[in-house]
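*Asks:* got a structure for you, letters missing:
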Ligand code: MF3
Ligand code: CO
């Protein structure tokens, strides 16, 4: 398809979609506590999407059966909400996408459930820091590889590894547009970032090795070594020479 450049008017609509995504994630975060079933979080999404007059980006996407991904502990991405009960000490990633007036927003956060270990806390902080390092690198007229390299060096300097089999992506009318945005690589790689590009930057960070595998449900991605994994994502637009975060309240 090629990279789609958005007009200022289109970016204004994406700002609204992004704000809805951020609001819903804020509401979901308020629900995360020991004893909550991941299925209950999906129900909150249905209710909130209706309230904002938005559509789910995820439901039925390549057959995905829910409105949010809930990935717990060693689950990296695409965990399906169900009967699993969140326990004190777990970490859970909430990945949520919504479509509003034809445009998509996509974001993810990882949260601790009750009191978590210092190791888990550090993993979460480093992953969020890596996202912000990537966003800071997403300036106009540099190669996309600046984002990848910034994320990778931030994560590895902190002793963790970046997942290599899944990437960030362009986003707009479609949830997944060109280009792919790897979380590792060289600064000089990839297309040059131009004003009007809209991107979902999403580092997935494992406490130990970077390898992953997919569970028998064909969706849930887990770390191969069973170590913890965290994931943060924002949808951004390249405007006025720098990245503007669209998935904020
Ligand atoms: N936010 C994720 C992504 O960027 C999750 C989408 S997977 C889906 O790829 F199938 F649930 F839609
Ligand atoms: Co995404």
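*Replies:* Yes, it's here. Quick caveat, the model's predicted, so the values are computed rather than measured. Numbering: from 1, shown residues only. Ligands and ions are numbered 1, 2, ... in the order given.
*Asks:* Which residue, other than its chain neighbours, is closest to residue 186?
*Replies:* Ranked by C-beta to C-beta, 6 or more residues apart in numbering and with sequence neighbours excluded, the top spatial neighbour of residue 186 is residue 145, at 5.2 Å. The way it works is simple: take the backbone N, C-alpha and C, and place the C-beta from them, glycine included.
*Asks:* Tell me how many other residues crowd the spatially closest residue to residue 102 that is not a sequence neighbour.
*Replies:* Spatially, and ignoring its direct neighbours in sequence, residue 102 is nearest to residue 173 (5.8 Å; C-beta to C-beta, 6+ apart). Per other C-beta atoms under 10 Å, the neighbour tally for residue 173 reads 14.
*Asks:* can you tell me which residues contact residue 173?
*Replies:* 4, 102-104 (C-beta atoms under 8 Å, 6 or more residues apart in numbering).
*Asks:* Could you do residue 117 as well?
*Replies:* Taking C-beta under 8 Å, 6+ apart, one finds residue 89 in contact with residue 117.
*Asks:* Contacts for whichever helix in the chain runs longest, please.
*Replies:* Assignment by DSSP state H gives helix 8-31 as the longest helix of the chain. With C-beta under 8 Å, 6+ apart as the test, helix 8-31 has contacts from 6, 40-41, 44-45, 48-49, 52, 54, 68, 94, 96-109, 111, 172, 196, 198, 235, 237, 239, 245-249.
*Asks:* and if we set it to 6 Å?
*Replies:* By C-beta atoms under 6 Å, 6 or more residues apart in numbering, the residues outside helix 8-31 that reach it are 41, 44, 48, 52, 54, 94, 96, 98, 100-101, 103, 105, 107, 109, 111, 198, 235, 237, 246-249.
*Asks:* what do you get for stretch 81-97?
*Replies:* 21, 24-25, 28, 34, 36-39, 41-42, 57-58, 66, 68-73, 106, 108-114, 116, 120, 175, 231.
*Asks:* Flag every residue of the protein that's near ligand 2.
*Replies:* Within the chain, the positions adjacent to ligand 2 are 106, 200 by C-beta under 5 Å from the ion.
*Asks:* make it 6 Å
*Replies:* With the criterion set to C-beta under 6 Å from the ion, the chain comes near ligand 2 through 106, 169, 200, 202, 233.
*Asks:* can you tell me which residues contact the third one?
*Replies:* Taking C-beta under 6 Å, 6+ apart as the criterion, residue 200 is in contact with 106, 168-169, 171, 233, 235.
*Asks:* starting at the chain centroid, how far to the next helix or strand after the longest helix of the chain?
*Replies:* Once helix 8-31 ends, the next helix or strand along the chain (criterion: DSSP states H and E) is helix 38-52. Chain-centre distance of helix 38-52: 18 Å, with C-alpha atoms, centre = their mean, to the nearest Å.
*Asks:* quick one, phi psi at the nearest residue in space to residue 97 that is not next to it in sequence?
*Replies:* Spatial nearest neighbour of residue 97, excluding adjacent residues (C-beta to C-beta, 6+ apart): residue 57 at 3.1 Å. The phi/psi pair for residue 57 (degrees, to the nearest 10) reads phi -80, psi -30.
*Asks:* residues from the protein in reach of ligand 1?
*Replies:* 58, 61-62, 64, 69, 78, 95, 97, 106, 200 (C-beta under 6 Å from any ligand atom).
*Asks:* And those residues, which of them are buried?
*Replies:* In the residues of the chain next to ligand 1, burial by neighbour count holds for 58, 69, 78, 95, 97, 106, 200, counting by 16 or more other C-beta atoms under 10 Å.
*Asks:* Of these, just say which sits nearest to ligand 1.
*Replies:* residue 58 (3.6 Å; C-beta to the nearest ligand atom).
*Asks:* What's the separation between that closest one and residue 75?
*Replies:* 16 Å (C-beta to C-beta, to the nearest Å).
*Asks:* Look at residue 229 and say how many residues are nearby.
*Replies:* Residues near residue 229, counting by other C-beta under 10 Å: 29.
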